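A.B. asks: compute the structure for the input listed below.
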Amino acid sequence: MTSAVIQRWIDWRIDSWPALGLDLDEVLHRVWRDGDGELHAGFVGALLQSPTSLAVRFAALNAYYHLMEHKRTLEEEDGLGGLAKQREAFRKKLASFVGFQPVEFCTDLRTIRWEIVNSCAAEDYDRAFRLCDQLQPLLPGWHVSLARGRLRFLAMHLPLWDEPPTLSSWDLPIGPPPANSLDSNRIMATVLTATRCLSSPELVTGIPDDAKAHLRRAIAELETASDGNPDLPPDCHLMLARSYAAVGKDHEAARCYRRVLAHRGALLRYFKEPFEFIPQERIRDLLSALFHRLVTAHQRADETDEAIEAAQEWIDEFPAARGLPDYGAAS
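C.D. replies: Take a look at the predicted model:
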């Protein structure tokens, strides 16, 4: 029998808290203060009793995701690291609830897509990669490679770009879009990935060997997806370029940036459709940043003539530009 505490979490929905007169922060604060022993034991018991109950598992994921993220902004002020340790304890419990659903039981696109988001939220990237393997009987081979490459790229970059990454940023564009409707999460996530590829710091220093291995695997998957596939979205070529740059293959990075620039019409449509949420001035800045990254890649590859040619194209198109943008470097 489900405990009263767990039943309340099942009945509550995050968007209904204000309407119910409930303060989510206060509820989370009490758990941080008093401990989650009863809550955790209740969810474990309920899931063992009803392992296929979507309502129970959703409530467990909901509760522990919000517990994990609660007080994150205060961690830097906690000199003893106690808040970070407690948050990590909640993350591990979230990961255990994510793992209640065996990967091999995820056999449809909607479930796989949702479970990848759950896995990444809990920082269980190995499970997310295994979920991509479940796509093989459901999608063309190039699409499976694209999903794998995109996920490996995001697993390396999103935690550095955002602390924490939003749930929607992990939502991969898996499978065809819904019939007669727009999948806004899918569109926003991919467009934002493209903008971050052009505007965020590069991973040029201090990259550990295991991170480089992930990026090389991302490169292999994305190259497989792009081979002979003219419909590959431009953010994929930008992810390829950023990955090549991160592992020191600047000639290949320049090749990918040049491809995006040569098909700039697709990139501009990507930014404008179906939501015109990026101002025109911002789009111009992003295109200028693309030129800058192309010039920089040629310079780092000691391709002086190509760098000069790209710089001249940049000047011709953006004559009012002053100097080079400073993207810095993420360690």
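A.B. asks: element containing residue 9, please.
C.D. replies: Here residue 9, judged by DSSP states H and E, is contained in helix 4-11.
A.B. asks: in that helix, what's buried?
C.D. replies: Of the residues in helix 4-11, those buried by neighbour count under the rule 16 or more other Cβ atoms under 10 Å are 6, 7, 9, 10. Placement of C-beta: from N, CA and C, glycine included.
A.B. asks: shaky segments in the chain?
C.D. replies: Judged by pLDDT under 70, the chain has its weakly predicted residues at 1-3, 5, 12-23, 73-81, 176-186, 203-206, 273-277, 321-331.
A.B. asks: try it again with 50
C.D. replies: Filtered on pLDDT under 50, the chain yields the residue ranges 1, 19, 324-331.
A.B. asks: number of nearby residues for the nearest residue to residue 285 once chain neighbours are set aside?
C.D. replies: In space, residue 285 comes closest to residue 199 once its chain neighbours are excluded; the distance is 7.9 Å by Cβ to Cβ, 6 or more residues apart in numbering. By the criterion of other Cβ atoms under 10 Å, residue 199 has 15 neighbours.
A.B. asks: what do you get for residue 84?
C.D. replies: Under the criterion other Cβ under 10 Å, the count of neighbours that residue 84 has is 15.
A.B. asks: in which helix or strand does it reside?
C.D. replies: Counting by DSSP H and E, the secondary-structure element that holds residue 84 is helix 82-98.
A.B. asks: ok, and for the following helix or strand past that helix, which residues are buried?
C.D. replies: Scanning the chain past helix 82-98 towards its C-terminal end, the next helix or strand to appear is helix 109-121 (assignment: DSSP H and E). Residues of helix 109-121 classed as buried under the neighbour-count rule (16+ other Cβ under 10 Å) are 112, 113, 114, 115, 116, 117, 118, 119, 120, 121.
A.B. asks: what about the helix or strand harbouring residue 154, distance to the chain center?
C.D. replies: Secondary structure assignment for residue 154, by DSSP H and E: helix 141-161. Distance of helix 141-161 from the chain centroid (Cα atoms, centre = their mean, to the nearest Å) equals 8 Å.
A.B. asks: again, but for stretch 195-211
C.D. replies: When distances are taken as Cα atoms, centre = their mean, stretch 195-211 is centred 14 Å away from the chain's centroid.
A.B. asks: same deal with stretch 53-69?
C.D. replies: Offset of stretch 53-69 from its chain centre (Cα atoms, centre = their mean): 20 Å.
A.B. asks: and what of stretch 42-61?
C.D. replies: Between the mean C-alpha point of stretch 42-61 and the mean C-alpha point of its chain there is a distance of 26 Å (Cα atoms, centre = their mean).
A.B. asks: for that stretch, C-alpha coordinates in CSV please.
C.D. replies: The C-alpha coordinates for stretch 42-61 follow below in CSV (Å, rounded to 0.1, in the frame of the first residue of the first chain):
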residue,chain,number,x,y,z
GLY,A,42,8.4,5.2,0.5
PHE,A,43,9.3,5.5,-3.2
VAL,A,44,11.5,2.4,-3.1
GLY,A,45,8.7,0.4,-1.5
ALA,A,46,6.1,1.7,-3.9
LEU,A,47,8.2,0.9,-7.0
LEU,A,48,9.0,-2.6,-5.7
GLN,A,49,5.3,-3.1,-5.2
SER,A,50,4.3,-1.6,-8.6
PRO,A,51,7.5,-1.6,-10.8
THR,A,52,5.5,-0.7,-13.9
SER,A,53,3.6,2.2,-12.3
LEU,A,54,4.3,5.3,-14.4
ALA,A,55,2.7,7.6,-11.8
VAL,A,56,4.9,6.3,-9.0
ARG,A,57,8.1,6.5,-11.0
PHE,A,58,7.3,9.9,-12.4
ALA,A,59,6.7,11.2,-8.9
ALA,A,60,10.0,9.8,-7.7
LEU,A,61,11.9,11.3,-10.6
